[in-house]
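[1] sequence unknown, structure follows:
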């Protein structure tokens, strides 16, 4: 039970960590000052959540710290979904990836607010406000780009075509998630899916985005099977800790 | 100067807490009012600076002409009797 809770915390934290890292890659490279700082803020929000999850996880396993959990695992021991690993191909990809994640993350946190585990519930209470803002930010941008110029529409539709297939995995319940749900600790992914679908039907028509032809893909990052991108992300993320173990500022 | 690709400039006013007035804190670029509020939130309230945001397009602000500073403001300079500086204010009074 303790082991399962530990792994569940990693699963929750890893999505925020890898997406936070992807956003941090844009720091100083945003299309303009205002958007650059907005994306960096979102990255910082996500890393704040990661720290809470990993700090808690470290108390459950002898010898681990939030840093060792974040930086010293092998690729197969990260449980983030494939969606958040996808690269910052262009601004539309950044926004659509964020939108798909936020539409999933917000209802997930809403459920975790009622978790029987008090620490998870407290983290969710704190994070939900951030997540609501992220969803507002990303859905406004999806509408703006999708319903903007011909080029912005095409790029946004392309981003949906590329990224939408990865949402399937978000809602496939792993044995771990099933166990956590039954304990009253984890979220019910069916309810998360219902809310996700509602967000899609609220936002996509006003963005002129068509997703009915997109075929979903069965991926399983949540069990440690990743795309080729995660290895490169970890090489960069882990470099300092691997080169200078236990370094501090 | 008007470039179609350049987003309009907005002036941002923030109220730091209830009871105080909104103050001008700076400007930013945004395509519409909604985005201006969001950008202002991200650029100017990251360190808990505010509880309320106003934005207004810079072009909508009517400003006095700096060249007319002399006729507008200097006549007041030698009329100290207009200042209420001869009153003693109670120490509890703040923000004056």
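    That came in fine, so what should we check first? Nothing here was measured: the structure is a model prediction, and the numbers come from that model.
[2] now residue A:106, nearest residue through space, not along the chain?
    When the adjacent residues along the chain are set aside, residue A:106 lies closest to residue A:131, with 4.6 Å between them (Cβ to Cβ, 6 or more residues apart in numbering or on different chains). Yep, even glycine has a C-beta here, placed from its N, CA and C like the rest.
[3] And the pLDDT at the one you found?
    If you check residue A:131, the pLDDT there is 97.
[4] any idea which element it lies in?
    helix A:118-146 (DSSP states H and E).
[5] just checking, what packs against that helix?
    Applying 3 or more Cβ pairs under 8 Å, 6 or more residues apart in numbering or on different chains; DSSP states H and E, one finds that helix A:118-146 makes contact with helix A:33-58, helix A:91-112, helix A:150-163, helix A:189-203, helix B:33-44.
[6] where does chain B have low pLDDT?
    By pLDDT under 70, the weakly predicted segments of chain B are B:1-4, B:96.
[7] okay, which residue is most central for it?
    residue B:24 (2.6 Å; Cα atoms, centre = their mean).
[8] So what does the closest residue to that one other than its chain neighbours look like in phi/psi?
    Spatially, and ignoring its direct neighbours in sequence, residue B:24 is nearest to residue B:13 (5.5 Å; Cβ to Cβ, 6+ apart). Backbone torsions for residue B:13, taken as degrees, to the nearest 10, come to phi -120, psi 130.
[9] residues near residue B:13, how many?
    Residue B:13 has 18 neighbours, counted by other Cβ atoms under 10 Å in any protein chain shown.
[10] same thing with residue A:228?
    Residue A:228 has 7 neighbouring residues, counting by other Cβ under 10 Å.
[11] And the residue located most distally from the centre of chain A, how far from chain B?
    No residue in chain A has its C-alpha farther from the mean C-alpha position than residue A:150, which lies at 29.1 Å (Cα atoms, centre = their mean). Separation of residue A:150 from chain B (Cβ to the nearest Cβ, to the nearest Å): 15 Å.
[12] Kindly state the pLDDT recorded for that residue?
    We have a pLDDT of 96 for residue A:150.
[13] And for residue A:90?
    95.
[14] cool, the one 10 residues further on as well?
    Residue-level confidence at residue A:100 comes out at 98, pLDDT.
[15] Is it in contact with residue A:164, as I believe?
    Yes - Residue A:100 lies in contact with residue A:164 (Cβ atoms under 8 Å); the separation is 7.1 Å.
[16] Between these two, which is the more surrounded one?
    residue A:100 (26 against 20).
[17] check contacts around that one.
    Neighbour list for residue A:100: A:83, A:163-164, A:166-167 [criterion: Cβ atoms under 8 Å, 6 or more residues apart in numbering or on different chains].
[18] From residue A:126, how far out is it?
    23 Å (Cβ to Cβ, to the nearest Å).
[19] And for residue A:201?
    From residue A:201 to residue A:126 the distance is 29 Å (Cβ to Cβ).
[20] These two: which is more packed in?
    Neighbour count, other Cβ under 10 Å: between residue A:201 and residue A:126, residue A:126 has more, with 14 against 9.
[21] chain center to the helix holding residue A:131: distance?
    Here the centre of helix A:118-146 is set off from its chain's centre by 11 Å, with Cα atoms, centre = their mean, to the nearest Å.
[22] what do you get for stretch A:217-235?
    Taking Cα atoms, centre = their mean, one finds stretch A:217-235 lying 13 Å from the centre of the chain it belongs to.
[23] So what's the model's average confidence on that stretch?
    The average pLDDT within stretch A:217-235 is 94.
[24] just to revisit the earlier point, quick one, the helix holding residue A:131 and helix B:33-44 angle?
    Interaxial angle, helix A:118-146 versus helix B:33-44 (axes from the mean of the first three to the mean of the last three Cα atoms, to 10 degrees): 130 degrees.
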